[in-house]
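[1] Requesting a structural model of the entry that follows:
(3 chains)
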Amino acid sequence: MLTVSAIAERLGLNVVVKGDVSRTVSGCYVSDLLSDVMAHSKDDNLWITLQTHPNIVAVAVIKGIAAVILTNGRSPEAETVRKAEAEKVTIMISADGTFELAGRLYAMTKDLQP
Amino acid sequence: MAANDTLEGCFELMGGDFSNAGAASSELKSILTKLGISADIVRRAAVTAFEAEMNVIIHAVAGTMHYMIIDNTLTITLNDMGPGIESIELAMQEGYSTAPDWVREMGWGAGMGLPNIKKYADIFKIDTVVGEGTTLEIYFRLKGEKC
Amino acid sequence: MQLSKIIDLVNGTIVVDGGVAAIDITSVCSADLLSNVLRHGKKGALLVTCLNQPHVIRSAELADIPAVLLALGAIPVKDMVALAEEKKIVLLTTSLPMYTTCGILYGAGLRSCVED
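    The predicted structure is shown next:
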């Protein structure tokens, strides 16, 4: 089983807000639609998204997301960072596109099946 | 089309009309394709027109999309009766959006509309008055093109 | 990669056949934000998304994307199917989530649309 910090290191992610990176990741969910994540993500999932809006923090907290990964090098809005710091939600950035990042993560371990 | 000919047309856009979103840009794309303009320019023009069309549909009450080809330049102009843009600097910043949540759930409002237009246009101008509306002018050079 | 092979890999269903047999996919764009598709989507790419609205087909049409794959068993709305038929865009569905879909296609050698 992999932790958030191990994944960050192996995928070369830039950690912009550091919550509890020792959390063990249960799987991964890829979506840019907040309602979709609300409906389908599972506890301790990584969430790969392009959304940088502050509402991603609320969704991550409610759904017990282990860490949010923003793709295409997108930076979170200032308000998103502030909320994530307050809620201790880990936010990381990848220069890869969503497809590439999900593909690399999937290849890394079969333990991360959703 | 002869070198000095002018070609132009106009489409009406309705704010909130998501069911027809993109119809004007689609028609423009097919007109440009028929004129024999290169696929790369047609694609860039279609993408910028679509982003600008979505801005009108998301934010404005109504608007128009006008296109004109003269002197080897394609100009796409969008005029809207909308809220206007309070800060062009913020609106040009990638990721910044004033679109409501339900628009995000439809796949828009990523704060990439104007940045995408800037990226794909040769020249791009904004004229906006808060409470009145916005005019976007998007230019493409057709140099070396047949029309 | 032949689109027909992609359909096999994700156990996909063809909803609109806009000439599946002739299509060769060169890259993949996975997103639910259409401006991202308009920015990064490449000519000849496959779009993987969960959005089941007609704007997705418009985006594909305007960005020269020949095929759209709806993940997680998303059911396209009627207008989306009609527009795909009109514009001859291939519309596919798979019951796999986006993550698994991306994982399988990446594993089979497909890569992201890379920005110029």
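
[2] which residues in chain B form helices?
    Residue ranges of the helices in chain B, as given by DSSP state H, are B:23-34, B:39-59, B:88-91, B:101-104, B:113-120.

[3] by contact count, what packs against the third one?
    In other words, helix B:88-91. Judged by 3 or more CB pairs under 8 Å, 6 or more residues apart in numbering or on different chains; DSSP states H and E, helix B:88-91 is in contact with no other helix or strand. C-beta coordinates here come from the backbone N, C-alpha and C atoms, glycine included.

[4] How about residues contacting that helix?
    Residues outside helix B:88-91 that contact it (CB atoms under 8 Å, 6 or more residues apart in numbering or on different chains): B:85, B:96, B:114, B:126, B:128.

[5] Just want to check the distance between B:E53 and chain A.
    Using CB to the nearest CB, to the nearest Å, B:E53 is found at 21 Å from chain A.

[6] Just read off the phi/psi values of residue 45.
    Reading this off chain A. Main-chain torsions, A:N45, degrees, to the nearest 10: phi -70, psi 150.

[7] Repeat that for the one 4 residues further on.
    Its backbone dihedrals place A:T49 at phi -150, psi 160, with angles given as degrees, to the nearest 10.

[8] how about the spatially most central residue of chain C, secondary structure?
    The residue lying closest to the centre of chain C (CA atoms, centre = their mean) is C:V68, at 2.2 Å. Under DSSP: H, G, I helix; E, B strand; the rest coil, the three-state class of C:V68 is strand.

[9] For it, name its beta-bridge partners.
    Per DSSP bridges, the residues bridged to C:V68 are C:L47, C:L91.

[10] And it, how far from A:K18?
    Plainly put, C:V68 is 37 Å away from A:K18 if you go by CB to CB, to the nearest Å.

[11] so where is chain A shaky, pLDDT-wise?
    Within chain A, the stretches with pLDDT under 70 are A:110-114.

[12] near chain B, which residues of it?
    A:32-35, A:50-53, A:55, A:74-75, A:77 (CB under 8 Å from any CB of the partner chain).

[13] if you set the cut-off to 6 Å instead, what comes out?
    By CB under 6 Å from any CB of the partner chain, the residues of chain A that approach chain B are A:33, A:35, A:52.

[14] Go back to these and keep what's next to chain C.
    A:L33.

[15] show me the contacts for residue 85.
    If you meant another chain, say so; for now it's chain A. For A:E85, the contact set (CB atoms under 6 Å, 6 or more residues apart in numbering or on different chains) comprises A:V17.

[16] wrong one, chain C
    C:V16.

[17] Mind telling me what element it is part of?
    For C:E85, the enclosing helix or strand under DSSP states H and E is helix C:78-87.

[18] and the angle from that helix to helix B:23-34?
    Helix C:78-87 and helix B:23-34 meet at an angle of 10 degrees, taking axes from the mean of the first three to the mean of the last three CA atoms, to 10 degrees as the criterion.

[19] quick one: buried residues of helix C:78-87?
    Residues of helix C:78-87 classed as buried by neighbour count (16 or more other CB atoms under 10 Å in any protein chain shown): C:79-81, C:83-84, C:87.

[20] Closest one to chain A out of the residues you listed, please.
    Of all these, chain A sits closest to C:M80, with 15.4 Å by CB to the nearest CB.

[21] pretty sure that closest one contacts C:H55?
    No: between C:M80 and C:H55 there is no contact under CB atoms under 6 Å: 8.6 Å.

[22] quick one: C:H40 from chain A, how far?
    Distance of C:H40 to chain A, computed by CB to the nearest CB: 6 Å.

[23] now swap in B:Q93 and tell me
    Distance of B:Q93 to chain A, given as CB to the nearest CB: 9 Å.

[24] Not counting its neighbours along the chain, what's nearest that residue?
    B:G111 (7.2 Å; CB to CB, 6 or more residues apart in numbering or on different chains).

[25] Near chain C, which residues of chain B are found?
    For chain B, the contact set with chain C under CB under 6 Å from any CB comprises B:21-22, B:25, B:43, B:46-47, B:50, B:107, B:110, B:112-113, B:116.

[26] can you list these in CSV and add distance to chain A?
    Below are the residues of chain B next to chain C laid out as CSV (distance: CB to the nearest CB, whole Å):
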residue, distance to chain A
B:A21, 17
B:G22, 19
B:S25, 22
B:R43, 19
B:A46, 21
B:V47, 17
B:F50, 18
B:G107, 8
B:A110, 6
B:M112, 9
B:G113, 14
B:N116, 13
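
[27] Give me every residue in chain A lying close to chain C.
    Remark: the part of chain A in contact with chain C comprises A:28, A:30, A:32-33, A:36, A:50, A:97-100, A:102-103, A:106-107, A:114, using CB under 6 Å from any CB.

[28] mind running it again at 8 Å?
    Proximity of chain A to chain C (CB under 8 Å from any CB) is limited to residues A:27-33, A:36, A:40, A:48, A:50-51, A:72, A:96-100, A:102-107, A:113-114.

[29] how many neighbours does B:G15 have?
    By the measure other CB atoms under 10 Å in any protein chain shown, the count of residues near B:G15 is 15.

[30] what does the one 4 residues further on give?
    Summarising burial for B:S19: neighbours were counted as other CB under 10 Å, giving 12.

[31] right, and it touches C:V77 too?
    No: when contacts are counted by CB atoms under 8 Å, B:S19 is not listed as touching C:V77 (10.1 Å).
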